[in-house]
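In: Sequence below, structure please.
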Amino acid sequence: MRIGVRFIVLMIAVLFVFGGVGASHAKDQAGKFDYYALALSWSPSYCASAKHARDSLQCNNARPFAFVVHGLWPQYERGWPQNCRLRKRPWVPETLIDKMLDIMPSRKLVIHEYKKHGTCSGLSPDAYFALVRRIYKQITIPERFQRLSKPLAISPDEVEAEFLKANPALKPEMVSIVCRGSRLSELRICFSRDETLQACGVNETQRKLCNSRKIVMPPVRGGQ
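Out: Numbering: from 1, shown residues only. Predicted coordinates for the structure are as follows:
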């Protein structure tokens, strides 16, 4: 009888471990998610990093990139899928990459974002990047940030307030500010699957993404 109980306990433990792993992988299925997070990167912060300063397109000072699209990410209410498997190997045509460079100024980024996040949307590359552009066009970038000529020390709340003012339909629960060290990194705005603004999930909890009182926005590079 004792052996039987031990065997049952062991089997439950095995099912828990392997069942949990299986459930985790099963979540990363194309088209199965709750909402989208549009990530808008503050390009000057990206280019201020020595690691990225040589990015020939985004950081060569030829164009005044301010907020650019980092990605459009399918999200669960808690957590997110990534690198979802498709029937065909994910491939973004060169012509499509070229069309996206005005708002996503990095060829590698365009490819990476589709492989990691776009595959989980359940959309083809053409449909996914068309969606990216439609959602991006819904957001007005505050004029104050479009041609920032000097470094700006600002609070995350002030950045949010500027976006709320420029976008009357945007509410505080729909947006989060992300910082890296002392610099503004990006802004995340949440959308429903039918492309309307919605409240974000726990992934965008503000205190986890940036709890600094003051952050710096490096000035826009080039094209002044």
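In: my guess is Gly71 is in a strand, correct?
Out: Yes. Counting by DSSP: H, G, I helix; E, B strand; the rest coil, Gly71 is part of a strand.
In: could you pull out the helices for this protein?
Out: 2-27, 43-48, 94-100, 107-116, 125-137, 143-146, 156-166, 206-209 (DSSP state H).
In: what's the burial count for Val92?
Out: Neighbours of Val92 under the rule other CB atoms under 10 Å: 21. Quick note: C-beta positions are derived from backbone N, CA and C, even for glycine.
In: got the contact list for it?
Out: 110-111, 114, 125, 129 (CB atoms under 8 Å, 6 or more residues apart in numbering).
In: Please repeat the previous calculation with a cut-off of 6 Å.
Out: By CB atoms under 6 Å, 6 or more residues apart in numbering, the residues touching Val92 are 111, 114, 125.
In: Now render the residues you listed as TSV, adding pLDDT, neighbour count and distance to Ile139.
Out: Shown next, in TSV, are those (pLDDT from 0 to 100; neighbours: other CB atoms under 10 Å; distance: CB to CB, whole Å):
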residue	pLDDT	neighbour count	distance to Ile139
Ile111	96	17	23
Tyr114	97	25	21
Pro125	97	20	22
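In: On the strand side of things, show who the spatially most central residue of the chain bridges to.
Out: The chain has Ala39 as the residue nearest its centroid, 3.6 Å off, counting by CA atoms, centre = their mean. Beta-bridge pairing for Ala39 (DSSP bridges): Gly71, Arg188.
In: Tell me the spacing between Leu164 and Thr140.
Out: Note on Leu164: its distance to Thr140, by CB to CB, to the nearest Å, is 11 Å.
In: And these two? Which one has more around it.
Out: The neighbour count for Leu164 versus Thr140, taken as other CB under 10 Å, is higher for Leu164 (16 against 12).
In: quick one: the more buried one and Leu170 touch, right?
Out: Yes. Counting by CB atoms under 6 Å, Leu164 touches Leu170, with 5.4 Å between them.
In: for the chain, which spans come out with low pLDDT?
Out: The chain contains residues with pLDDT under 70 at 1-26, 50, 52-56, 222-224.
In: ok, Lys27 - how many residues close by?
Out: Applying other CB under 10 Å, we find 16 residues neighbouring Lys27.
In: hmm, I was thinking of Ala169
Out: Quick note: Ala169 (other CB under 10 Å) scores 10 neighbours.
In: How about the one 3 residues further on?
Out: When neighbours are defined as other CB under 10 Å, Pro172 has 14 of them.
In: what's the answer for Ser212, then?
Out: Counted with other CB under 10 Å, Ser212 comes out at 14.
In: Contact partners for Leu72?
Out: Leu72 touches 36, 38, 132, counting by CB under 6 Å, 6+ apart.
In: and the closest residue to it other than its chain neighbours, how many neighbours does it have?
Out: Spatial nearest neighbour of Leu72, excluding adjacent residues (CB to CB, 6 or more residues apart in numbering): Val132 at 4.7 Å. Val132 has 25 neighbouring residues, counting by other CB under 10 Å.
In: Val132 and Ser45, how far apart?
Out: 21 Å.
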